[in-house]
Structures are given as C-alpha cells and as structure tokens.
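Engineer: Could you look at this predicted model? Sequence included:
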Amino acid sequence: MQSVHTSVLRRVLAGAVALGTVAALAVGCATASARSPRDSAAAGTQQAAPAPEAIIPVVSVQPAADTADFGPASSVSASTTAGTLRDVALTSSRGTSVAGTLSADGRQWTATEPLGYGTDYTWSGSAVAPDGSATPLTGSFSTVSPTRTVRAWTNIADGATVGVAAPIEISFSRDLSDEAKAEVERTLAVTTSVPVEGAWAWLPDGPDGSRVHYRPKEYWPANTQVGVSAKIYGHDLGAAGFGKADVASTFTIGRSQIVKAAEDSHHIVVVRDGLQVMDLPASYGMESDPNRVTRNGVHIVMAKSEKVLMSNPAYGYENVPEYWAVRISNNGEFIHANPASTSAQGRRNISHGCINLSTANAKAYFDTALYGDPVEVTGSSVPLSAEDGDVYDWTIPWDRWKAMSKLAA
C-alpha cells in the first residue's frame with residue numbers, strides 16, 4: 001500500500017510542477033511584451049522640452065545720451081535690466097576715466113567723483129546676458145560751462161582749536177536767492193564726536209555776499225571733534241551761478257573758558273572747565289553815554305593782537321596804541337590793557353566801550369584766550385545786536401535761530 005500511494009503522490013507533484021512552469025512562462029511573456037493602448041499612445045506623442053527664450057538686456061544711462069549742459073552735481077549711472085555690466089567706463093574728452101562702483105548684483109554702475117565743467121563724456125562697456133550675448137553700452141553727453149561761479153569759504157581753519165561758543169560761518173562771494181540758499185543748505189553737513197544739537201541760520205547778507213552760520217543750542221561740549229562740509233560744487237545756484245568748489249574743515253573744541261563780565265561788578269571773572277581761574281579789576285563803557293556802553297549779551301573772542309591802533313575821531317583820538325587786545329565784537333569792543341584807566345578799574349566804568357584791564361592782567365588773560373571763547377556781558381543798558389557787526393549769534397533765541405534756516409518747516 002505504501003508503494004502505491006507513493007507512486008500516485010509523485011505523479012501528482014510532477015503535474016503540479018509542470019503547470020506552475022507553464023503559468024510562469026505565460027506571465028513572463030505578458031510582462032515582457034504586452035502594453036496597454038494608453039501606454040502606446042503616450043510613447044508615440046512624447047516631445048523634448050522647449051528651449052528657454054533669450055533674455056535681451058535693456059541698458060540705460062543717466063543722463064540720457066546726447067544731454068547737453070548737464071549739472072555735475074547730479075547723479076551719473078548706467079544700468080541693465082538683465083545679466084551684468086562688464087568693463088564699464090565713462091571717459092572725458094580729455095581722456096581721463098571717471099571713478100565709479102558696481103553694485104553687488106552687477107547691474108548698476110554709479111560714478112563716485114564729480115564731473116568737470118564744460119566737458120564731453122562718453123560711455124563704453126557692455127551688458128552681458130545670461131546666454132553670454134553682449135549689448136554694448138554707448139552714448140555721450142556734455143556738462144554745463146557756467147558763465148558765473150560762486151565761491152565759498154569757512155571761518156575755522158582745518159586743524160584749529162576753538163572755544164565753546166565758536167559759530168561755524170560759511171560765506172559766499174555773491175548774494176544768493178532764497179531758493180539758492182535752500183539748495184546750498186541741503187549740501188551742508190556737521191559731524192561731531194559726541195551728540196550735539198545745532199542748526200544753520202542765514203544772517204543778513206554781508207558786504208561780500210550771503211552767509212550762513214551754524215551754532216549749537218548750548219555751548220559746544222569741551223574737547224568735541226567737529227567736521228563741517230559744504231558740497232556746493234556743481235550745484236545750480238540760480239542767478240549767482242554754479243558752485244565753484246566744495247569747502248570742508250575739521251577742528252577741535254578746546255577747554256571750556258567763559259568770561260563772566262558783570263558790568264556793575266567792575267571786574268571780569270574767568271571760569272575754566274567750571275573753576276574760577278581769574279578775577280580781574282576792570283572798567284567798562286561809560287553808561288551815561290549810549291555810544292560808549294559796553295554792549296549787553298554773549299560776545300565771543302574773535303581775534304587777538306599784542307598791539308592795536310584804536311581810533312574814535314568823534315571822541316578826539318586816533319591811532320592810539322593799545323596792548324594785549326582781545327577783540328570781542330566788530331563794533332570796536334576789546335578786552336585790553338589801558339594804563340590810563342588803572343585808577344578806575346575795579347571801581348568805575350569810564351571807557352569808550354572796551355573792557356579795560358591793567359597791563360599785567362590784560363597780558364595774563366590774553367595768553368589764555370581762544371577764538372570762540374564766550375564773553376558774557378551782563379548788566380549794561382544797550383544790547384548787542386546786528387548793528388554791532390557780524391557775530392551776534394548767541395543773542396538770538398533758539399527758536400528764532402532755527403526759524404532762520406531756509407529749510408525750516
């Protein structure tokens with residue numbers, strides 16, 4: 001029985017193996033050769049992706065090509081809408097190249113130095129597209145040839161050390177219109193090593209032309225570093241002409257030294273960095289004569305000289321030598337030595353407007369004085385004003401001072 005069963009089982013297994021082999025072959029054939037109609041259609045219509053369209057840069061320049069009478073203070077640039085700028089140059093008719101910088105993305109070049117007056121300029125270079133094609137940078141323009149120019153200068157020399165009340169003065173060689181003054185004021189800048197609140201004010205035009213002053217709201221902080229610039233070159237200042245050249249200066253505010261000049265005290269007191277260092281007997285202008293009164297208000301030290309010839313024909317003297325003279329206004333007021341009034345010094349005011357000291361005391365004060373030191377005259381009957389000369393800045397209230405700007409809101 002076992003042998004019969006075994007024989008039957010072997011035949012059954014052999015048949016199953018055979019059927020499995022056939023099925024596998026059938027499946028294998030279908031996998032290798034059969035595709036659906038959809039697969040066939042897709043294979044027949046498949047195409048390559050279209051090539052990207054070429055990007056053509058649009059190049060522009062400022063000023064536009066063929067511009068004439070271009071103002072040198074205006075912006076000068078070249079730019080492209082695509083790709084990058086290469087080998088940009090702006091060359092003058094004299095053969096010199098204008099310095100410039102290229103933006104980080106390479107799409108804009110900007111001139112970094114002023115152009116000359118009366119000069120032709122030509123662009124060169126190219127804008128290179130992403131595909132490598134190049135569009136040339138071309139075009140020319142010319143700058144204005146002014147028939148008139150305006151010169152400017154400042155009162156504080158580069159590297160100078162001045163007192164804590166020193167105003168910055170910028171003067172101009174011609175009278176400027178209000179519009180021109182506003183244009184100038186936009187070019188003015190003051191930088192300080194410590195924060196300082198200050199403002200520009202246009203004072204009445206002087207004999208040489210217009211003038212603008214800058215002063216802080218309070219006295220300058222001692223030892224401040226100050227920089228001032230007036231970048232007027234290339235600016236159109238209307239009927240006065242074009243700005244001739246920029247002006248700049250860097251200077252130092254020195255120690256704080258303030259002269260307290262109380263007329264009724266018959267003394268001057270010198271305070272340096274908050275400490276009294278001198279108390280000197282003095283004689284001020286005679287109060288009974290308005291023409292001889294020492295003017296009330298904050299003066300500043302304007303200049304000093306070991307010898308000054310003083311004249312006042314109306315009072316009977318001319319070219320009288322006075323020594324150790326420190327000028328504190330443009331109306332003839334000085335702090336100076338006057339041996340003739342020694343007996344009145346510390347007791348009575350008898351001068352013609354000056355502050356008289358003994359020779360020794362005048363020399364001692366003279367040696368310490370700096371341009372811009374404040375001299376605070378108090379107690380007199382006639383105020384310092386514009387009639388007393390150029391520098392009366394500290395007599396003007398702060399709100400009014402700020403309103404004297406041509407850019408005041």
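Structural biologist: In hand now; what should we look at?
Engineer: OK, contacts around residue 315?
Structural biologist: With contact set as C-beta atoms under 8 Å, 6 or more residues apart in numbering, residue 315 has these partners: residue 352. From N, CA and C alone the C-beta is placed, and that goes for glycine too.
Engineer: Let me see the backbone angles for it.
Structural biologist: Per-residue torsions, residue 315: phi -110, psi 20 (degrees, to the nearest 10).
Engineer: Distance of it relative to residue 71?
Structural biologist: For residue 315, the distance to residue 71 equals 54 Å [C-beta to C-beta, to the nearest Å].
Engineer: try residue 300
Structural biologist: 37 Å.
Engineer: and the nearest residue to residue 201 once chain neighbours are set aside, how far is that from residue 181?
Structural biologist: Leaving aside its sequence neighbours, residue 201 sits nearest to residue 404 (C-beta to C-beta, 6 or more residues apart in numbering; 3.5 Å). Distance, residue 404 to residue 181, by C-beta to C-beta: 10 Å.
Engineer: Mutual contacts of the two, please.
Structural biologist: The contact lists of residue 404 and residue 181 share residue 202, where a contact means C-beta under 8 Å, 6+ apart.
Engineer: More neighbours: which of those two?
Structural biologist: Higher neighbour count among residue 404 and residue 181: residue 181, with 23 against 15, using other C-beta atoms under 10 Å.
Engineer: wouldn't that one be in contact with residue 212 here?
Structural biologist: Yes. The pair residue 181 / residue 212 is scored as a contact, 7.2 Å apart, by C-beta atoms under 8 Å.
Engineer: Tell me the residues that contact both of the two, please.
Structural biologist: residue 202.
Engineer: which stretches of the stretch 151-300 of the chain form helices?
Structural biologist: Per DSSP state H, counting those that start in this stretch, the stretch 151-300 of the chain carries helices over the ranges 178-185.
Engineer: Count the neighbours of residue 392 for me.
Structural biologist: Residue 392: 24 neighbours (other C-beta under 10 Å).
Engineer: Once you drop chain neighbours, what's closest to it?
Structural biologist: residue 384 (5.3 Å).
Engineer: same question, residue 217
Structural biologist: residue 197 (4.5 Å).
Engineer: and if you look at residue 92?
Structural biologist: residue 119 (5.1 Å).
Engineer: got it, and residue 139?
Structural biologist: Per C-beta to C-beta, 6+ apart, closest to residue 139 is residue 65, 3.3 Å.
Engineer: Also residue 388?
Structural biologist: Nearest in space to residue 388, with sequence neighbours left out and distances taken as C-beta to C-beta, 6+ apart, is residue 331 at 3.9 Å.
Engineer: where's the one you found relative to residue 390, distance?
Structural biologist: For residue 331, the distance to residue 390 - C-beta to C-beta - is 10 Å.
Engineer: The two - which one has more neighbours?
Structural biologist: residue 390 (19 against 14).
Engineer: In three-state terms, label the more buried one for me.
Structural biologist: Under the three-state scheme (DSSP: H, G, I helix; E, B strand; the rest coil), residue 390 adopts coil.
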